[in-house]
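Trainee: One predicted model, sequence on top.
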Amino acid sequence: MTASPHWFSWASLNGVRKPPRPIHGRVFFFSFFFFFFFFFLFPLFGSLLPRESQEKPQRKAPLLPPGARSPRAMDWQPDEQGLQQVLQLLKDSQSPNTATQRIVQDKLKQLNQFPDFNNYLIFVLTRLKSEDEPTRSLSGLILKNNVKAHYQSFPPPVADFIKQECLNNIGDASSLIRATIGILITTIASKGELQMWPELLPQLCNLLNSEDYNTCEGAFGALQKICEDSSELLDSDALNRPLNIMIPKFLQFFKHCSPKIRSHAIACVNQFIMDRAQALMDNIDTFIEHLFALAVDDDPEVRKNVCRALVMLLEVRIDRLIPHMHSIIQYMLQRTQDHDENVALEACEFWLTLAEQPICKEVLASHLVQLIPILVNGMKYSEIDIILLKGDVEEDEAVPDSEQDIKPRFHKSRTVTLPHEAERPDGSEDAEDDDDDDALSDWNLRKCSAAALDVLANVFREELLPHLLPLLKGLLFHPEWVVKESGILVLGAIAEGCMQGMVPYLPELIPHLIQCLSDKKALVRSIACWTLSRYAHWVVSQPPDMHLKPLMTELLKRILDGNKRVQEAACSAFATLEEEACTELVPYLSYILDTLVFAFGKYQHKNLLILYDAIGTLADSVGHHLNQPEYIQKLMPPLIQKWNELKDEDKDLFPLLECLSSVATALQSGFLPYCEPVYQRCVTLVQKTLAQAMMYTQHPEQYEAPDKDFMIVALDLLSGLAEGLGGHVEQLVARSNIMTLLFQCMQDSMPEVRQSSFALLGDLTKACFIHVKPCIAEFMPILGTNLNPEFISVCNNATWAIGEICMQMGAEMQPYVQMVLNNLVEIINRPNTPKTLLENTGRLTSPSAIPAITIGRLGYVCPQEVAPMLQQFIRPWCTSLRNIRDNEEKDSAFRGICMMIGVNPGGVVQDFIFFCDAVASWVSPKDDLRDMFYKILHGFKDQVGEENWQQFSEQFPPLLKERLAAFYGV
C-alpha cells in the first residue's frame, strides 16, 4: 500500500510546490456561444459522432466550388457561392443544438478533403471585415486545427496564401482577430516552418517599428507565442541565432508608451531566462536595469511580468541580484500585497524560490517581521474562494459527485521494502501533500502563501516563532470563522519546520484543534483535520488517553460528517494517523472498522476512493492483528461487494485493488475464503492487458493502446496474495498460467510493469518456489538485464527477487552468479544512488541495502564464485547494512559475508574497520552467527598480534570499541 495521500495541504509543500504551468498563459475573451462551440469542435479529426439527422447520405462530390486562382497564390479569390456556404457552416456551428453540431462536423470532415477549403477559412478570417468577430475568429481556429492535423499535405500555393494573409493582417483592428492570427502563425511555425518561412521573424520584428498600434501589438503578440513555443530553436544555430537581434529589440520596447506593448516585451524576454539564452546573458545587466525602471508601473500585467522575471532571475542569475537584494525584497513585500491578486501571486513565488537559495537566511532574517504577517494575511480565503468552494453549504453528502470532481487516479507500482530500519530521518513523514482546497485546483495566493510559510519554517525553524506566535493566538481564537480557519492553516503550515519550537504549546493547542473538529463551519472542520494530521507524530508519542484517543474518536465522527469536504479531510487525516500509530490502534479496531464500513454506505464516488486508501493503510499499520474472525466479518463483505460491482475496465478498480492487496497481506490465512475469485480476476486482467498490447503493437491503426495500470494493480494484488497467503497460494498458481504471463510482463517496455513483475516473482519465490524453479533459466537473464539503477525501483525489485531466488536455489545458483554479480557490485559502488522510500513504514533506507543483501545471499550460496570480488564491494556493503535492524534478510547476508571472508580473508583486510562497525550494528544475532563474527574478529586479532591490534583499535569510535569488547571480547 502506498503511503496515504495528505488530501488537505496546498499543492505539495514538500518537494513540488505546485502544478507546473507555462511561463506565460494565453487568455482570450471569446463570447460564450463561441467558446461553447469550440469545446465541441476541438477534436475535429478524431472519430466523428454518428449522424442522427434524417437527411439522405450526402454525395462525395465536391461541396465547395474551387476559388478563382491566378498563378500567384496571394491573388486567390473565393467563389461567392462557396463563400456563402462556408459562412453558413460557421453560423450553424455556433448553435448549441447537439444534432446541428453533428451535421456540422460531418460537413467539415467532407470539406477538409479539399485544400481550397483552407483558403476560404483564411479569407473569412482576414478579409471579411463585415462579418462579426466570433465568426471570423472561429474560421481561423478551424484553420489552426487543420494546420495542426495535416499542414504537411497542404499544396504550396495554399500554404503560401495562408502565410501571406497572416503577415498582411497581423495589425487587424480587432484584438480578437489579431490574437487568432497570432495563434495561427505560431501553429504553422511549430510544424517545422520556422526554418521554411525565413521571412517570418524579420517581418514581425520590422512590424514592431510600425507607428500603427494595432500592427505593433499584433506582431508582438505573435512573437510572444513563437517565443513560448520555440524558445530553444530561437537560440540555436539552425536559425542563425535570431535571438542576438531579437533580445536587444525587445529591450527597446520596455519603455514603450503602451502598457500592453511593455507587457509583451517583458513576457518575450522572460521566455529565455530559465534556459540562460546567451543573447540574454550578454544583455543581462540592461535587462535588470530596465526591470527596475518598470517596478512601479501602473499596469498590473507589467508588474506581474516584472515579478515573474525577478523570480526566475533569482533562480538562474542570483549573482546579478545580490547587490540589490535589500531593495528587491522590499519591492516584493509590497507586490505580495498588490491589489491585483495575479501580481500578488507572482510576487509570492519569490519567497518560495528565495527559500531554496543558500543566502536565504542571511538576506531575509531582518525582513521576517514584515514578511510573516503578509504571508499569514494571504492565507485567508477570499470571497470568491468561498463562493467557488460553496463555503456556505454545510450538508451535501447526498449530492452525487460529478465526474469533474474526481481526479484521474494513477497507480503507483509496488516497490519492495525492507521490513526494518534503524532510524527515522527527520521530515520523512509527509512525502507528498495534496491540495488543501481540492475544488480550487488552480494555484492561488492562499496556497502560495501557505507553501512559502512552510518552506521558510524549514529554513528558519524556531527563529520564525517570535514573529508568528503573537499573530497565531489572535487568529486561532478569532470570532470570524474565515480568520480562525486561516490560523489553523498557519499552524499546519509550520508543523514540519517548527515542530521542536511548537512542542511546549501543543498540550494546549491540540485539544483546541480537536474542539475545532466540531465547528459549525465545514471549512473550519476540514482544515482542522488536515492540521491535526500534521501533528500526528507528536500526538502518538504521548500517552494514548491524553490525545490519541480523543483525536481518533473525533476524526471517526468527522469521517461520517454530513459534508463531503470534511469526510475527505477526515478520511485522509485518519490514514496519516494510522501510519503513525500503527499497533497503538489495535485496542480500537472494532470501533474503527464499524465507522469505516458504515462510511461505505454513506460516501459518494470521490470519497469512496479515499476510503479504500484509509482501509488499506489501516491493514498496513496493524498487520496480522486484523486477522480476527470478528474483524474479517465486518470488513470483507462490503469490499467484496464493491469488487463484484466493478467491471474489469473500470478505473475504480485501481484503489480497490491497492486496498485489497494490503488487506490480503495483513489477513494472511484469514483471506483464504475470498482468495480464489480475486486471484482469478487478477490473472484475467493481466491476460487481457497483454492481449490488448499485442493487438495494438501489430495493428496500431485498428486498436487503442491498453491502459497498463490495470495490469500493474493486478500484479501488485497477486503479490499481496502471495505474501499474505504464503504456501496457500500454491494451488492457485498451479491451476493458472501466471508464470507464462509473468515471463511476458518481465519484458514489458513499461518500467512500472517490470517493477511490479519482479515484486511478484520475489513473493512467489518465497511462497511456492516449486512453480518458479522450472522457469529460472529463462528468468535470470531478464533479471540481469534489469539491474540498471537508472530505473531505481525496477532495479531494486529485480535485485530483491534475485536474493530470494538465491535462498531457494542454494548451490544450484552457481551457473547464474556471473550473470548478475558485476552489475550488483557496480550498483553498490555507485555514488549518489537515489534513496528508496520504504512505503510500508514511511522510512528511508540506505540506497544500497537491497543490493548489499543480495550480494551477501549470493555469497552465502556460492561463496567460491563471489569471494574473489570481496575487496571491490566490502566497504559499501558494510556501510549499507549497518543501519538495518536485525532481521532474516540481514542474517542471511551477514552469513554470506562471513563465508566469503573465510574463502578470501585478504579481501577484507584494508576495510576491516568497516566490517567491525557492521558487526557491532547487530543487537542480538543468532548464536551461530555470533560465533562466526567471534572467529573472524579473533582470527584477525591473532593474525596481526596484540600490539598491532591495539594500534588498529585506537581508530574505533568509543561506542564501537565498547560494543566489540562487551560482545566479542576484542
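Mentor: Cool, the structure landed.

Trainee: Could you list the buried residues of the longest helix along the chain?
Mentor: As assigned by DSSP state H, the longest helix anywhere in the chain is helix 672-698. Residues 674-675, 678-679, 681-683, 685-690, 692-693 are the ones in helix 672-698 that count as buried (16 or more other Cβ atoms under 10 Å). Backbone N, C-alpha and C define where each C-beta goes, glycine included.

Trainee: The strand or helix carrying residue 225 - contacts with which helices or strands?
Mentor: For residue 225, the host element (DSSP states H and E) is helix 213-229. Judged by 3 or more Cβ pairs under 8 Å, 6 or more residues apart in numbering; DSSP states H and E, helix 213-229 is in contact with helix 175-188, helix 200-207, helix 259-270.

Trainee: Quick check: what element follows that helix along the chain?
Mentor: As assigned by DSSP H and E, the chain's next helix or strand after helix 213-229 is helix 231-234.

Trainee: how far out from the middle of the chain is that next one?
Mentor: Relative to the mean C-alpha coordinate of its chain, helix 231-234 is positioned 27 Å out (Cα atoms, centre = their mean, to the nearest Å).

Trainee: tell me the mean pLDDT over it?
Mentor: Helix 231-234 comes out with an average pLDDT of 86.

Trainee: Name the residues of that helix that come out as buried.
Mentor: Buried, per 16+ other Cβ under 10 Å, within helix 231-234: 231, 233-234.

Trainee: which among these gets closest to residue 554?
Mentor: Taking Cβ to Cβ as the measure, residue 554 lies nearest residue 231 of these, at 52.1 Å.

Trainee: Contacts only, for that closest one.
Mentor: 271-272, 275, 277 (Cβ atoms under 8 Å, 6 or more residues apart in numbering).

Trainee: Would you mind writing the ChimeraX command to select the buried ones in these?
Mentor: Entered in ChimeraX, the line below selects the buried ones among the contacts of residue 231, by 16+ other Cβ under 10 Å:
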select :271,272,277
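
Trainee: and the contacts of residue 231 as TSV, adding pLDDT?
Mentor: Below are those laid out as TSV (pLDDT from 0 to 100):
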residue	pLDDT
271	95
272	95
275	91
277	93
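
Trainee: Quick check: the nearest residue to residue 380 once chain neighbours are set aside vs residue 382, distance?
Mentor: Distance criterion Cβ to Cβ, 6 or more residues apart in numbering; nearest residue to residue 380, sequence neighbours excluded, is residue 486 at 4.3 Å. Distance from residue 486 to residue 382, counting by Cβ to Cβ, to the nearest Å: 11 Å.

Trainee: More neighbours: these two, which one.
Mentor: residue 486 (24 against 15; other Cβ atoms under 10 Å).

Trainee: Could you check how far that one is from residue 534?
Mentor: Distance of residue 486 to residue 534, computed by Cβ to Cβ: 15 Å.

Trainee: With residue 564 instead?
Mentor: Here residue 564 is placed at a distance of 22 Å from residue 534 (Cβ to Cβ).

Trainee: residue ranges for the strands of the protein, please.
Mentor: 836-838, 843-845 (DSSP state E).

Trainee: quick one: residue 763 and residue 719 touch, right?
Mentor: Yes: counting by Cβ atoms under 8 Å, residue 763 does reach residue 719; the two are 4.7 Å apart.

Trainee: show me the contacts for the residue nearest to residue 468 when sequence neighbours are not counted.
Mentor: Using Cβ to Cβ, 6+ apart and skipping residues adjacent in sequence, the residue nearest residue 468 is residue 372, 5.7 Å away. Residue 372 makes contact with 453, 464, 467-468, 471, according to Cβ under 8 Å, 6+ apart.

Trainee: Quickly note the distance from residue 372 to residue 132.
Mentor: From residue 372 to residue 132 the distance is 52 Å (Cβ to Cβ).

Trainee: can you redo the helices and strands packed on helix 213-229 as JSON lines with mean pLDDT?
Mentor: As requested, these are exported to JSON lines (pLDDT from 0 to 100):
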{"stretch": "helix 175-188", "mean pLDDT": "93"}
{"stretch": "helix 200-207", "mean pLDDT": "93"}
{"stretch": "helix 259-270", "mean pLDDT": "96"}
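
Trainee: Figure out which of those helices is closest to residue 167.
Mentor: When the helices and strands packed on helix 213-229 are compared by Cβ to Cβ, helix 200-207 sits nearest residue 167, at 5.5 Å.

Trainee: how far out from the middle of the chain is the closest one?
Mentor: Its chain's C-alpha centre and that of helix 200-207 lie 40 Å apart, by Cα atoms, centre = their mean.

Trainee: what comes into contact with that helix?
Mentor: So helix 200-207 is contacted by 163, 167, 170-171, 185, 189, 193-194, 215-216, 218-219, 222-223, 226, 239, 242, 245-246, 249 (Cβ under 8 Å, 6+ apart).

Trainee: what's the answer for stretch 456-465, then?
Mentor: The contact list for stretch 456-465 (Cβ under 8 Å, 6+ apart) reads 351, 355, 360-361, 364-365, 368, 371-372, 375, 427, 493-494, 496-498, 500-502.

Trainee: Extract the C-alpha trace of that stretch and format it as CSV.
Mentor: Provided in CSV are the C-alpha atoms of stretch 456-465 (Å, rounded to 0.1, in the frame of the first residue of the first chain):
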residue,chain,number,x,y,z
LEU,A,456,10.5,29.3,5.3
ALA,A,457,9.7,27.4,8.5
ASN,A,458,12.1,24.7,7.3
VAL,A,459,14.8,27.3,6.7
PHE,A,460,14.4,29.4,9.9
ARG,A,461,13.0,26.7,12.2
GLU,A,462,12.3,28.1,15.7
GLU,A,463,13.6,31.6,14.7
LEU,A,464,10.3,32.1,12.9
LEU,A,465,8.1,31.7,16.0
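
Trainee: Can you give the distance of it from its chain's centre?
Mentor: 26 Å.

Trainee: And it, what's buried?
Mentor: By neighbour count with 16+ other Cβ under 10 Å, stretch 456-465 contains the buried residues 456-461, 464-465.

Trainee: what do you get for stretch 303-320?
Mentor: Buried-residue list, stretch 303-320, by 16+ other Cβ under 10 Å: 303-314, 317.

Trainee: Also stretch 702-713?
Mentor: Across stretch 702-713, burial judged by 16+ other Cβ under 10 Å covers 706, 708-713.

Trainee: so can I have CSV of those residues showing pLDDT and distance to residue 329?
Mentor: Listed next are these as CSV, based on pLDDT from 0 to 100; distance: Cβ to Cβ, whole Å:
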residue, pLDDT, distance to residue 329
706, 94, 53
708, 94, 49
709, 92, 46
710, 92, 51
711, 95, 52
712, 94, 47
713, 91, 49
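
Trainee: any chance of these in CSV, plus distance to residue 326?
Mentor: Listed next are the buried residues of stretch 702-713 as CSV, based on distance: Cβ to Cβ, whole Å:
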residue, distance to residue 326
706, 58
708, 54
709, 51
710, 57
711, 57
712, 52
713, 54
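
Trainee: which among those gets closest to residue 817?
Mentor: Out of the buried residues of stretch 702-713, the member with the shortest distance to residue 817 (by Cβ to Cβ) is residue 712, at 30.6 Å.

Trainee: Which residue, neighbours along the chain excluded, lies closest to that closest one?
Mentor: residue 756 (4.9 Å).

Trainee: pLDDT score assigned to that neighbour?
Mentor: Per-residue pLDDT puts residue 756 at 96.

Trainee: Next, count neighbours for it.
Mentor: For residue 756, the count of nearby residues is 32 (other Cβ under 10 Å).

Trainee: Check residue 128 too.
Mentor: When neighbours are counted by other Cβ under 10 Å, residue 128 registers 16.

Trainee: Could you do residue 563 as well?
Mentor: 21.

Trainee: swap in residue 902?
Mentor: 14.
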